[in-house]
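Colleague: Structure for this input, please:
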Amino acid sequence: MAGEAGTAQPRAPRGHVSHNWLPVAGIGSLFLGGAAAALVFDGDTGRTAVYFVVGTLVLVVLTTPWLVRNPPAMHLGAGAYLVLAVVVELGALLGGAVEAFRGLGAWVVLGIGLAVYGYLERGRVMITAGTGAALLGVVAIAVDLPRLTLVLALATAALLVVAAWRLRLLGPHAAVPARPVSGVRRIGRPARSVGADPSGRGLQRPDGQQHHGRGRAGGDLLGQHE
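Modeller: Just a heads-up that it's a prediction; the model follows:
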């Protein structure tokens, strides 16, 4: 038995939601570059759409090796995650092609995709960050101001960086504060009650008689009956 335990193969690394911190930080950097693109392209919706679509594809390629070595929680099968990735990429492509979205449709699609991914991973941090990113993208589309688009893209990037930091703190090896055990005051021998006799034979009175812990009132009544 001991020999078999010593030669046991190490288990594969278990998935954890905190492993998503790097992809979320990558999405934040994507929006940081989107802010620069909005400033450089100055309302050129075609170039902005191409940036988000290509940037999303590059981000998927770069973060896949990390997720292979550090798997996420994977509460559902791999097929659900693959379908989500395909839908997000197609949505970003179609959203960028719609002229009414001013090339920012991929922004909203990425936010929604992150929120759905957070739901699959049961990570409230990603759900909140994805929803916030999608709402900021809707505002950027509704208000046709390049300067405001720059500010909103920076705000989205900051939101995602904070979310990545929060996920990093949720690591599987994060320190958990110790809780005191209920009913245990301190480590050591239990405290004795005042006047207790360790031999269990009662206390020895000065007159040579043993006292078995009766109350004064009980003793007086016994004396009256005697």
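
Colleague: Okay, now the unreliable bits of this protein?
Modeller: For the chain, residues meeting the criterion pLDDT under 70 lie at 1-14, 42-43, 172-226.

Colleague: what ranges do the helices span in it?
Modeller: 2-6, 21-41, 45-69, 78-97, 105-121, 124-142, 146-169, 216-225 (DSSP state H).

Colleague: Just name the most buried of those.
Modeller: helix 105-121 (a mean of 23; mean count of other CB atoms under 10 Å). Using the backbone N, CA and C atoms, a C-beta is placed for each residue, glycine as well.

Colleague: helices or strands up against that one?
Modeller: helix 21-41, helix 45-69, helix 78-97, helix 124-142, helix 146-169 (3 or more CB pairs under 8 Å, 6 or more residues apart in numbering; DSSP states H and E).

Colleague: Generate JSON lines for those, with distance to residue 105 as supplementary columns.
Modeller: What follows is the helices and strands packed on helix 105-121, written out as JSON lines (distance: least, CB to CB, whole Å):
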{"stretch": "helix 21-41", "distance to residue 105": "12"}
{"stretch": "helix 45-69", "distance to residue 105": "7"}
{"stretch": "helix 78-97", "distance to residue 105": "2"}
{"stretch": "helix 124-142", "distance to residue 105": "7"}
{"stretch": "helix 146-169", "distance to residue 105": "13"}
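
Colleague: one step back: reformat the helices of the chain as TSV; add distance to residue 15.
Modeller: TSV is the format used below for those (distance: least, CB to CB, whole Å):
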stretch	distance to residue 15
helix 2-6	25
helix 21-41	13
helix 45-69	9
helix 78-97	11
helix 105-121	9
helix 124-142	14
helix 146-169	13
helix 216-225	68
